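Peer 1: coordinates only, no sequence provided:
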């Protein structure tokens, strides 16, 4: 089980996600890598990591649905 409270666990989760992305033939952006480092360090949450990625890739003129 993923314990988001430890840096080691966050890094393992990021490594797993990176492996999945690369298996699909994709390469994460430098912006994502910087955000991932912030998540691994515990300075941003997983929700913030996802929100940043979604904001970068959202089509212009579209908005994220309200929670």
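Peer 2: Looks like it arrived, so ask away. Computed from a predicted structure; not experimentally measured.
Peer 1: ok, residue 52 - contacts?
Peer 2: Contacts for residue 52 (CB atoms under 8 Å, 6 or more residues apart in numbering) come out as 31, 35, 44. Using the backbone N, CA and C atoms, a C-beta is placed for each residue, glycine as well.
Peer 1: looking at the residues you listed, which has the most residues close by?
Peer 2: residue 35 (21 neighbours; other CB atoms under 10 Å).
Peer 1: name the nearest residue to it, ignoring sequence neighbours.
Peer 2: Once flanking residues are discounted, residue 35 sits nearest to residue 52: 5.1 Å by CB to CB, 6 or more residues apart in numbering.
Peer 1: state the pLDDT value of the one you found.
Peer 2: On the pLDDT scale, residue 52 is placed at 94.
Peer 1: buried residues of the helix or strand hosting it, list them for me.
Peer 2: Using DSSP states H and E, residue 52 maps to helix 46-57. Across helix 46-57, burial judged by 16 or more other CB atoms under 10 Å covers 49, 52-53.
Peer 1: can you add distance to residue 17 and give those residues back as CSV?
Peer 2: As requested, the buried residues of helix 46-57 are exported to CSV (distance: CB to CB, whole Å):
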residue, distance to residue 17
49, 10
52, 14
53, 10
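Peer 1: what's the spacing between the residue nearest to residue 35 and residue 32?
Peer 2: According to CB to CB, to the nearest Å, residue 52 and residue 32 sit 8 Å apart.
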